[in-house]
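Chemist: build me a model:
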Amino acid sequence: MKIMIEELKIANFGFIETLSQQYILANGSFIDINHPLAQIIDDFNTLSGTRPKLRNLGIYNLISLKNIYIQLNQEACLKIVDQYIHGIGWHDLQYICFLDIQSSNIYIHIIFNRVTPQGKLIDIKCLGANWQQYEVLRQSCSLIIDNPVHNKYLQRRFCNCCG
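Modeler: Predicted structure coming up:
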């Protein structure tokens, strides 16, 4: 499996609408993903509005998992996302997640608000995935992909003579 992480700063949250037209809205934090899209974007803008001089409001994170040898469903992908976000310590940020699940490739699109619910700011100088983030993602994927519940290739098969 090939893993890629791209991180980019974004000036506004209009990109959420673009992603919603192409991919599955799968999860979010500090927002209600069942609200209309305009309300979700307003919620992001409201939080970032607590820092009015901020020029780049968010961080776009694209995770590419290529050449996966098993088919993962949305639930398994969300477990990977959750473990990854907790692993890099961004679980306290407002975010929204979109999934593009293909037969052997998965693309995870995450928009993070740079302003925390406590009013602190994530510095964009830290953008660009480092080796620790790749290791966290690799471990998150391994926990799901190597789990026999998700991977039919790891499930032990017994014949009638062996029990």
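
Chemist: against which helices or strands is the lowest-mean-pLDDT helix or strand in the chain packed?
Modeler: The weakest-scoring helix or strand in the chain, judged by mean pLDDT, DSSP states H and E, is helix 131-145 (a mean of 89). Judged by 3 or more CB pairs under 8 Å, 6 or more residues apart in numbering; DSSP states H and E, the packing partners of helix 131-145 are strand 2-10, helix 74-88. Backbone N, C-alpha and C define where each C-beta goes, glycine included.

Chemist: list the buried ones in that helix?
Modeler: For helix 131-145, burial by neighbour count (16 or more other CB atoms under 10 Å) applies to 133, 136, 137, 140, 141, 144, 145.

Chemist: residues contacting the residue lying closest to the fifth one once chain neighbours are set aside?
Modeler: Meaning residue 141. Closest residue to residue 141 apart from its sequence neighbours, by CB to CB, 6 or more residues apart in numbering: residue 80 at 5.7 Å. Counting by CB atoms under 8 Å, 6 or more residues apart in numbering, residue 80 touches 65, 72, 108, 137, 140, 141, 143, 144.

Chemist: and for residue 59?
Modeler: Contacts of residue 59 by CB under 8 Å, 6+ apart are 7, 8, 9, 10, 111, 112, 114, 122, 124, 127.

Chemist: apply 7 Å and report the result again.
Modeler: 7, 9, 10, 112, 114, 122, 127 (CB atoms under 7 Å, 6 or more residues apart in numbering).

Chemist: top of these by neighbour count?
Modeler: When neighbours are counted by other CB atoms under 10 Å, residue 112 leads those with 23 neighbours.

Chemist: ok, so of the buried residues of helix 131-145, who is nearest residue 89?
Modeler: Residue 89 lies nearest to residue 136 out of these, by CB to CB, at 9.4 Å.

Chemist: pretty sure the closest one contacts residue 85?
Modeler: No. Applying CB atoms under 7 Å, one finds residue 136 not in contact with residue 85, separated by 9.3 Å.

Chemist: what ranges do the strands span in this protein?
Modeler: In the chain, strands defined by DSSP state E lie at 2-10, 24-29, 58-66, 95-101, 106-113, listed in chain order.

Chemist: so can I have CSV of the ones you listed showing mean pLDDT?
Modeler: Converted to CSV, these look like this (pLDDT from 0 to 100):
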stretch, mean pLDDT
strand 2-10, 95
strand 24-29, 94
strand 58-66, 96
strand 95-101, 96
strand 106-113, 97
